[in-house]
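# give the three-dimensional model of this entry:
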Amino acid sequence: MSTEITHDTAHDEHDHHGPAKGLMRWVTTTNHKDIGTLYLWLSFIMLLYGGSMAMIIRLELFQPGLQWVDPHFFNQMTTMHGLVMVFGAIMPAFVGLANWLVPMMIGAPDMALPRLNNWSFWLLPFAFGILASTTFMESGAPAFGWTFYAPLSTTYAPDSTDFFIFAVHLMGVSSVMGSINIIATILNMRAPGMTLMKMPLFVWTWLITAYLLIAVMPVLAGAVTMMLTDRHFGTSFFDAAGGGDPVMFQHIFWFFGHPEVYIMILPAFGVISAIIPTFARKPLFGYSSMVYATASIAILSFMVWAHHMFTTGMPVAGELYFMYATILISVPTGVKVFNWVTTMWKGSMTFETPMLWALGFIVMFTIGGFSGLMLGVAPVDTQYHDTYFVVAHFHYVLVTGALYSIIAAFYYWVPKWTGHMYDETLGKIHFWWSTIAVNVLFFPQHFVGLAGMPRRIPDYSLQFAEFNMISSIGGFAFGLAQVFFLYIIIKTIKGGVKATDRVWEGATGLEFEQLSSPPPYHSFTEAPTVR
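Here you go, the predicted model:
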């Protein structure tokens, strides 16, 4: 059964209720392609919204002293920026990609539970509306950091915290329903002959990610529910005065939070594993080892949570365990990077825009991995903890990692989604502009962090002034590059060169033999190997 996509995918008749028109088409749709499109647009809007908060943060940090915003508002911005980017930009984008691609990659007509799919999406705009509304409340938005540690989020939190708790619950319900849908689709709706070990890696990474989400979202729900009862019902889960423990909050939060960061990167691995073989014109090296590495990362992600807590005064035996477990997780991650590099080795490589973003991902995600390895070493983490070094580390993982893979996926699959090729020149400009800017933005933060600049502060010592100014300039440039990306997206949707039915064959200018059945590890848009 072919998993090739037809051209007019954007204009498909609806599987369930014919050509419903206008706004109601989008509200009531159960078509996986429409819902995927909705998720992707929501995530892009959230990216610009969360990015505007980052611009406020970098504007304030452009010079030492307090210039533009009140310190309390600055803390609100850092909190909301983190929450919006993690739950609003990165995660919905990957769910959108799953909606678009998983059914087509496995030869299914749609997702297993189309109405649940619709509901999963429509919970999110309301959840983010509730979260965003806190900014306009009298008490202001929550200002306790995206990790919302107790007692800052319980005893000392503003009234708007209750809206935040409700929004988190809605996001969690959406994630769990979406995950159930993805698992049901992959396990029950594969085309005849497609065994699990013949699925594209993107499908594998999402199957594993969906299990992770189902496992950890109830943990987050438990944490925010305990916050709610501590605030209003006289419990003291996190209040030492009533026999509770604020450090317990951190254990619960990070037991959710560490697998969560892998939820944001595993689908990225799937995207990169589809793009690299296409433009290297070689099958992916070590398919089965990639599957096992993904599963290993998922299992290990549950065993390392307290490496975020080395400075809470845990016993040395605890520190040693979490340090060794953290270093161990770099092994399957390294397997993936080496497999991608080996796939490219002696390949007939071309450097179209998706390949550039994928290569940018590999190089800069690896930098983020190395700085993460440094943070995983307990004795030195005592020095690095809560400095800008940590900020530099996780932005290299989440911006040049997760976000880069999402952008790579857009350029790679948008010809199939819209029937139009994007503008190659503009795509390359977008890549180089973003890449130079993002390194100017985050690389200096390693140095100010090692020199001792704490994170989440609106003012800083004079010695950090130059690096912060450089960082802010990079930030403004990177933000502007994503507005340019919006122009590219709209230009592509409105029209352009018609995409051929084997997109990356025509774009390279190389002639390939038409293969009737590509090997199982090929993605469905992949060009065959050169003879």
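# give the contact list for the closest residue to residue 473 other than its chain neighbours.
Sequence neighbours aside, residue 440 is the residue nearest to residue 473 in space, at 6.5 Å (criterion: CB to CB, 6 or more residues apart in numbering). Quick note: C-beta positions are derived from backbone N, CA and C, even for glycine. Residue 440 sits next to 470-471, 473-474, 477 when contact means CB atoms under 8 Å, 6 or more residues apart in numbering.
# give me the three-state assignment for residue 441.
helix (DSSP: H, G, I helix; E, B strand; the rest coil).
# quick thing: my sequence starts at 17, can you match it?
In the new count, where the first residue is 17, that last one comes out as residue 457.
# for it, give me its contacts.
Applying CB under 8 Å, 6+ apart, we find residue 457 in contact with 74, 411, 487, 490-491, 493-494.
# cool, and residue 171?
Here residue 171 is in contact with 246, 255 (CB under 8 Å, 6+ apart).
# tell me where the stretch 367-516 of the chain has helices.
369-391, 394-400, 404-413, 420-434, 440-466, 481-510 (DSSP state H, counting those that start in this stretch).
# most packed of those?
helix 420-434 (a mean of 25; mean count of other CB atoms under 10 Å).
# name the helices or strands packed onto that helix?
Applying 3 or more CB pairs under 8 Å, 6 or more residues apart in numbering; DSSP states H and E, we find helix 420-434 packed against helix 48-76, helix 107-122, helix 282-296, helix 369-391, helix 440-466, helix 481-510.
# how much does that helix deviate in direction from helix 282-296?
70 degrees (axes from the mean of the first three to the mean of the last three CA atoms, to 10 degrees).
# CA atoms of helix 420-434 as CSV?
Output in CSV follows, covering the C-alpha atoms of helix 420-434 (Å, rounded to 0.1, in the frame of the first residue of the first chain):
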residue,chain,number,x,y,z
TYR,A,420,15.3,23.8,14.4
SER,A,421,13.9,20.4,13.7
ILE,A,422,10.4,21.8,13.6
ILE,A,423,11.5,24.4,11.0
ALA,A,424,13.4,21.7,9.1
ALA,A,425,10.3,19.6,9.0
PHE,A,426,8.3,22.6,7.7
TYR,A,427,10.7,23.1,4.8
TYR,A,428,10.9,19.4,4.1
TRP,A,429,7.2,18.5,4.0
VAL,A,430,5.6,21.8,3.1
PRO,A,431,5.7,21.0,-0.7
LYS,A,432,3.6,17.9,0.1
TRP,A,433,1.3,19.9,2.4
THR,A,434,0.6,22.8,0.0
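# below-threshold pLDDT in the stretch 417-547 of the chain: ranges please.
Applying pLDDT under 70 to the stretch 417-547 of the chain picks out residues 522-547.
# please apply the same query to the stretch 17-166 of the chain.
17-36.
# what do you get if the cut-off is 80, keeping everything else the same?
17-37 (pLDDT under 80).
# for this structure, which helix is longest?
helix 217-248 (DSSP state H).
# just the mean pLDDT for that helix, thanks.
Average pLDDT, helix 217-248: 96.
# equivalent analysis for stretch 355-374, please.
Rounded mean pLDDT across stretch 355-374 is 94.
# identify the residues contacting that stretch?
287-289, 291-302, 305-306, 309, 375, 378, 420-421, 423-425, 427-428, 438, 440, 443-444, 446-447, 520, 523-524, 526, 546.
# quick check: residue 137 touching residue 57?
No: using CB atoms under 8 Å, residue 137 is not in contact with residue 57; the gap is 10.4 Å.
# the two: who's more crowded?
residue 137 (23 against 15; other CB atoms under 10 Å).
# format the contacts of residue 456 as JSON lines; extra columns: distance to residue 232.
Formatted as JSON lines, the contacts of residue 456 follow (distance: CB to CB, whole Å):
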{"residue": "486", "distance to residue 232": "37"}
{"residue": "487", "distance to residue 232": "32"}
{"residue": "489", "distance to residue 232": "37"}
{"residue": "490", "distance to residue 232": "33"}
{"residue": "493", "distance to residue 232": "35"}
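# go through those and name the one nearest residue 477.
residue 487 (14.9 Å; CB to CB).
# name the nearest residue to that closest one, ignoring sequence neighbours.
residue 460 (5.0 Å).
# quick check: that neighbour vs residue 93, distance?
Residue 460 sits 20 Å away from residue 93, going by CB to CB, to the nearest Å.
# ditto for residue 271
From residue 271 over to residue 93 (counting by CB to CB), the distance is 27 Å.
# give the residue from these two that has the larger number of neighbours.
residue 93 (24 against 19).
# can you name the helix or strand that the more buried one falls in?
Assigned by DSSP states H and E, residue 93 belongs to helix 87-99.
# now do the buried residues in that helix.
Under the neighbour-count criterion of 16 or more other CB atoms under 10 Å, helix 87-99 has 89-99 buried.
# now that helix and helix 48-76, what's the angle there?
150 degrees.
# ok, back up a step: redo the buried residues of helix 87-99 as a markdown table? Include distance to residue 192.
Listed next are the buried residues of helix 87-99 as a markdown table, based on distance: CB to CB, whole Å:
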| residue | distance to residue 192 |
| --- | --- |
| 89 | 33 |
| 90 | 34 |
| 91 | 30 |
| 92 | 28 |
| 93 | 29 |
| 94 | 28 |
| 95 | 24 |
| 96 | 24 |
| 97 | 25 |
| 98 | 22 |
| 99 | 18 |
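# tell me which of the residues you listed is nearest to residue 143?
Nearest to residue 143 among the buried residues of helix 87-99, with distances taken as CB to CB, is residue 99, at 10.6 Å.
# check contacts around that closest one.
147, 162, 180.
# now the last one: closest residue in space, sequence neighbours ignored.
This points to residue 180. Using CB to CB, 6+ apart, the closest residue to residue 180 is residue 158 (5.1 Å).
# okay, now the one you found: neighbour count?
Count around residue 158 with other CB under 10 Å applied: 25.
# residue contacts, it?
92, 95-96, 150, 164, 169, 173-174, 176-177, 180.
# let's see that with 10 Å instead.
Listed by CB atoms under 10 Å, 6 or more residues apart in numbering, the contact set of residue 158 reads 91-92, 95-96, 99, 147, 150-151, 164, 168-169, 173-174, 176-177, 179-181.
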